[in-house]
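> fold the following, please.
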Amino acid sequence: MPEIIEGPVTRATKQNLVRGVRGKPLPPEAVEAIARQAGELIEKAAKRYDEDVAEGEIGSQARASASEATPIAGRGPSGLLYGRVQSGKTAAMTLAAAIALDNGFRIVVIVTANNVALVRQTVDRFKAVAGPRVFSTLKDLAGYEWEGQEGALKQDLPQDGLVIVCAKDKTHLPAVIRLLQQLEAAAVPALIFDDEADAATPDTTLGARSAGRQNAPAHESTMYRNVIENTAPGQEGESLRETLPHHVFVQVTATPYVLFLQREDAPIRPSFVHLLEPGTGYCGGNRFFEDFDPTEQPTRQPIVVVPASEAQVLLAARSTVPAGLANSCNFFLLAGAAHSIMLRDETFPEKGYKHLSHTSPRMDQHDRVADLINGHVRATRHQLRHLDAPETSAAFEKPYAELRRTLGTGIPPLARLLEVASDAIVQAEVVRVNAQTGNPEFGPTYNFVVGGNILARGLTIDELLVTYYLREAKTPQMDTVWQHARMYGYREGLMLYTRVYLPSHLATLFRQIHESEEQLRGLLTDPESVATIPILTPGRARATRPGALEAGALRVYGGAAVKQIVPFYAVTDMTRVGQSAHRIAEILREAGVPLEEGARLERFRDTALDIAKSIIKIIPIREDDDGRWDTEAVLALLDATADRYGGMVSLYARPFEAGEDVNKRRPRGVLSGPEVTMSEARRKFVLALTYTGDPAAPTAWYPTLIVPPDLPAHVFNPL
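Numbering: from 1, shown residues only. Next comes the predicted model:
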């Protein structure tokens with residue numbers, strides 16, 4: 001395992017970040033905080049490299065070269081850098097790359113979304129890495145920027161290293177693979193970052209192929225084959241990971257649900273995790289949606305609820321914008337004016353303030369919304385020529401009251417704000433951002449940004465004040481919706497001026513996904529927890545796209561459909577039960593649980609979660625049992641929901657009914673309807689244990705976990 005040190009590449013990279021090379025300058029204390037977390041990530045990655053790939057190839061004193069031997073574990077390990085939306089994951093990757101280069105890694109490849117703006121943003125940030133050449137797959141008329149330099153790069157690689165930023169594209173990835181082959185890069189240790197790893201990399205044909213559908217593709221999806229493993233005829237081995245066999249693969253995302261719902265041995269299933277904590281000033285789900293209450297109006301959060309019918313009104317609108325959109329635009333004008341007066345000495349940011357409209361993935365709808373906003377801005381520009389007119393004040397009365405809600409008595413007078421807005425709106429821009437528009441060019445005052453999928457991942461929108469969000473799918477996907485939260489980020493100084501306009505049910509969905517994220521991150525603080533991960537799923541949503549999941553592999557605990565978690569068989573083989581049957585009885589007696597009580601209500605005993613877990617860990621379950629019971633998943637579920645139920649579980653015990661066939665298959669468990677009803681009334685998990693033999697010395701136990709009625713659905717992959 002290498003000694004993680006601050007070597008020359010790391011020191012110079014830190015200085016570049018503080019100076020703002022290719023980006024905004026970062027405070028020295030922020031750079032040090034990011035570097036500490038990046039060092040912890042590389043420490044974990046290096047440990048797994050030694051264990052799974054080869055010993056002695058990396059480290060401050062290592063030879064920084066890779067042998068031709070097959071990795072110890074058969075392939076390089078897969079990890080996860082789990083950050084929050086807009087929390088600075090790229091800065092962490094940049095410093096992690098520098099630390100890795102100081103410790104013997106010689107190739108760092110970053111694959112990212114196939115979005116020119118995002119690739120340019122990413123490569124600009126990685127240009128801060130000092131020492132190695134940094135290339136990208138952005139092309140000009142002369143081709144790729146490395147072309148013609150392959151010989152020199154091959155010669156310099158063992159000493160200087162190389163950083164490549166590559167779009168997930170069926171043309172660019174093969175070009176990078178050819179370059180790496182030319183450089184004989186397999187001879188050096190490599191670190192691969194898959195930025196937005198859950199977006200394009202997972203095999204989107206997995207669902208169809210595993211279900212055996214007649215029209216299922218013969219091979220994995222293109223990006224999976226280019227990045228992970230390529231088995232297509234004539235392309236065998238032509239993937240990034242296979243080209244760099246001695247590597248660590250680190251997936252980077254704020255929405256890792258599809259990764260944790262793969263089989264445990266899947267190449268994209270994380271075997272180690274590093275939780276990236278945001279720095280000072282980060283505003284995420286906790287600031288926007290955590291306490292959202294649809295019955296509280298106005299809300300305490302920067303949320304403005306628009307009618308649920310707003311989307312339909314928007315679609316039907318011809319020239320007049322819906323009330324919610326109009327109010328959001330007018331609030332934006334006042335908020336920008338107020339911020340420029342109070343915090344910027346009456347100046348606007350270099351690239352102006354931003355208002356984001358995210359209403360649809362369809363580009364024709366982007367044009368429609370942009371045209372409506374253009375019309376509204378034009379009408380407002382004319383209106384602001386008459387600042388004394390009653391109609392002008394009336395149009396801004398409601399947005400002004402909304403801004404006063406957070407600015408309080410210190411808010412400038414409405415007349416002053418309108419005066420500033422009337423001057424600045426002359427240079428307002430309506431900017432479409434989608435696959436047809438290219439890199440956005442922002443104006444110097446007010447920018448109304450309209451877009452969809454391209455705005456959904458990675459791209460940072462600086463000085464964003466207002467988000468107008470109506471986008472909705474019939475069955476929302478948690479990872480897709482959560483990535484839409486472009487309002488998150490280091491925006492503390494803007495929060496008093498920030499608003500999100502959306503319907504109440506969408507705000508509730510954001511709150512529920514925030515709760516799921518908090519629960520998942522809580523589970524992952526335990527380094528042993530990555531084996532089985534239950535994903536909390538809101539009732540009207542699914543965790544991720546089903547096409548990238550193995551058909552029939554997922555199980556659900558909780559929700560409306562699953563009231564009991566049971567195995568299908570009791571274990572009665574005494575050679576397997578052994579001492580565990582007696583130990584379970586001892587634990588129950590110590591907890592005061594009666595084993596012979598005739599009255600059902602008197603059998604229940606509330607106890608600490610740890611006591612119930614100690615029982616669950618030793619309950620014997622057949623290896624071939626195909627029921628819902630999965631011991632690791634049950635334990636993970638109890639840990640994940642401990643706070644929700646006060647860290648308590650109710651225990652219940654009774655013998656099997658006289659004459660009952662203990663060995664029969666039990667798809668519905670053993671409890672009667674009244675027992676289930678009484679258990680649900682406890683309003684917490686109930687672990688019910690049915691035994692065979694003498695109560696003084698039971699010979700076998702059959703478990704049932706009754707879930708509380710209010711437990712949301714949790715989905716996981718037990719395979």
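> who touches the residue nearest to Phe568 when sequence neighbours are not counted in this structure?
Setting aside the residues directly before and after it, Phe568 is nearest to Gly627 in space (C-beta to C-beta, 6 or more residues apart in numbering), at 3.7 Å. The way it works is simple: take the backbone N, C-alpha and C, and place the C-beta from them, glycine included. Gly627 sits next to Val566, Pro567, Phe568, Tyr569, Arg666, Pro667 when contact means C-beta atoms under 8 Å, 6 or more residues apart in numbering.
> so Gly627 is in which element?
According to DSSP states H and E, Gly627 maps onto no helix or strand at all.
> again with Val449
For Val449, the element it lies in under DSSP H and E is strand 446-451.
> run a quick neighbour tally on the closest residue to Ala232 other than its chain neighbours.
With C-beta to C-beta, 6+ apart as the measure, His219 is the residue that lies nearest to Ala232, at 4.8 Å, once sequence neighbours are left out. His219: 16 surrounding residues under other C-beta atoms under 10 Å.
> so His219 makes contact with Thr231?
Yes. Taking contacts as C-beta atoms under 8 Å, His219 lies within contact range of Thr231: 6.0 Å.
> what do these two both touch?
Taking C-beta under 8 Å, 6+ apart as the criterion, His219 and Thr231 both touch Arg225.
> and the one helix or strand in the chain whose mean pLDDT sits lowest, what does it pack onto?
The weakest-scoring helix or strand in the chain, judged by mean pLDDT, DSSP states H and E, is helix 574-590 (a mean of 80). Here helix 574-590 touches helix 609-616, strand 686-694, strand 697-706, going by 3 or more C-beta pairs under 8 Å, 6 or more residues apart in numbering; DSSP states H and E.
> other SSEs contacting the first one?
Under the contact criterion of 3+ C-beta pairs under 8 Å, 6+ apart, the helices and strands touching helix 609-616 comprise helix 574-590, helix 631-640, strand 648-655, strand 686-694.
> then the second one?
Contacts defined by 3+ C-beta pairs under 8 Å, 6+ apart place strand 686-694 against helix 574-590, helix 609-616, strand 648-655, helix 673-680, strand 697-706.
> contacts for the first one next, please.
This means helix 574-590. Helix 574-590 is contacted from outside by 571, 595, 611, 614-615, 618-620, 651, 653, 689, 691, 693, 695-701, using C-beta under 8 Å, 6+ apart.
> how about the second one?
Contacts to helix 609-616, defined as C-beta under 8 Å, 6+ apart, come from residues 584, 587-588, 591, 631, 634-635, 638-639, 642, 647-649, 651, 685, 687, 689, 703.
> can you check which helix is longest in the protein?
Looking across the chain with DSSP state H, the single longest helix is helix 28-52.
> strands of the stretch 101-250 of the chain, residue ranges please.
In the stretch 101-250 of the chain, the strands defined using DSSP state E, counting those that start in this stretch lie at 107-112, 133-136, 162-167, 190-195, 247-253.
> any chance of a markdown table for those, columns mean pLDDT?
Formatted as a markdown table, those follow (pLDDT from 0 to 100):
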| stretch | mean pLDDT |
| --- | --- |
| strand 107-112 | 96 |
| strand 133-136 | 94 |
| strand 162-167 | 95 |
| strand 190-195 | 97 |
| strand 247-253 | 97 |
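> and the strands in the stretch 401-550 of the chain?
With strands called from DSSP E, counting those that start in this stretch, the stretch 401-550 of the chain shows them at 429-433, 446-451, 464-469, 489-490, 499-503, 535-537.
> with mean neighbour count, mean pLDDT and distance to Thr295 added, can I get the ones you listed in a markdown table?
A markdown table is the format used below for those (neighbours: other C-beta atoms under 10 Å; pLDDT from 0 to 100; distance: least, C-beta to C-beta, whole Å):
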| stretch | mean neighbour count | mean pLDDT | distance to Thr295 |
| --- | --- | --- | --- |
| strand 429-433 | 20 | 91 | 35 |
| strand 446-451 | 26 | 94 | 32 |
| strand 464-469 | 25 | 96 | 20 |
| strand 489-490 | 20 | 92 | 29 |
| strand 499-503 | 24 | 96 | 14 |
| strand 535-537 | 24 | 91 | 23 |
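> where along the stretch 1-150 of the chain do the helices fall?
With helices called from DSSP state H, counting those that start in this stretch, the stretch 1-150 of the chain shows them at 8-19, 28-52, 89-102, 116-126, 150-160.
> lowest average confidence across those helices, which one?
In terms of average pLDDT, helix 116-126 trails the rest of the helices of the stretch 1-150 of the chain, at a mean of 85.
> what residues does that helix touch?
For helix 116-126, using C-beta under 8 Å, 6+ apart, the contacting residues are 22-23, 90-91, 93-94, 97, 110, 112-113, 134, 136-138, 163, 165, 167, 195, 433, 438-440, 454, 457-460.
> check the most centrally placed residue in the chain and give its pLDDT.
Nearest residue to the geometric centre of the chain (C-alpha atoms, centre = their mean): Thr255, 1.6 Å. Looking at Thr255, its pLDDT reads 95.
> how about it, nearest residue that isn't a chain neighbour?
Asp479 (3.7 Å).
> ok, so what distance separates that neighbour from Thr544?
Distance from Asp479 to Thr544, counting by C-beta to C-beta, to the nearest Å: 5 Å.
> Ala232 now?
Counting by C-beta to C-beta, the gap from Ala232 to Thr544 is 25 Å.
> repeat for Asp50
Noted for Asp50: a distance of 32 Å to Thr544, by C-beta to C-beta.
> just Pro667 next, same as before
Pro667 is 28 Å from Thr544, by C-beta to C-beta.
> repeat for Lys24
For Lys24, the distance to Thr544 (C-beta to C-beta) stands at 32 Å.
> of these two, which one has the most company?
Counted by other C-beta under 10 Å, Lys24 and Thr544 do not tie: Thr544 has more neighbours, with 24 against 10.
> let me see the contact set for that one.
The neighbourhood of Thr544, defined by C-beta under 8 Å, 6+ apart, consists of Asp198, Thr255, Tyr257, Val258, Leu261, Gln477, Met478, Asp479.
> try Arg287
By C-beta under 8 Å, 6+ apart, the contact list for Arg287 reads Gln301, Pro302, Met495.
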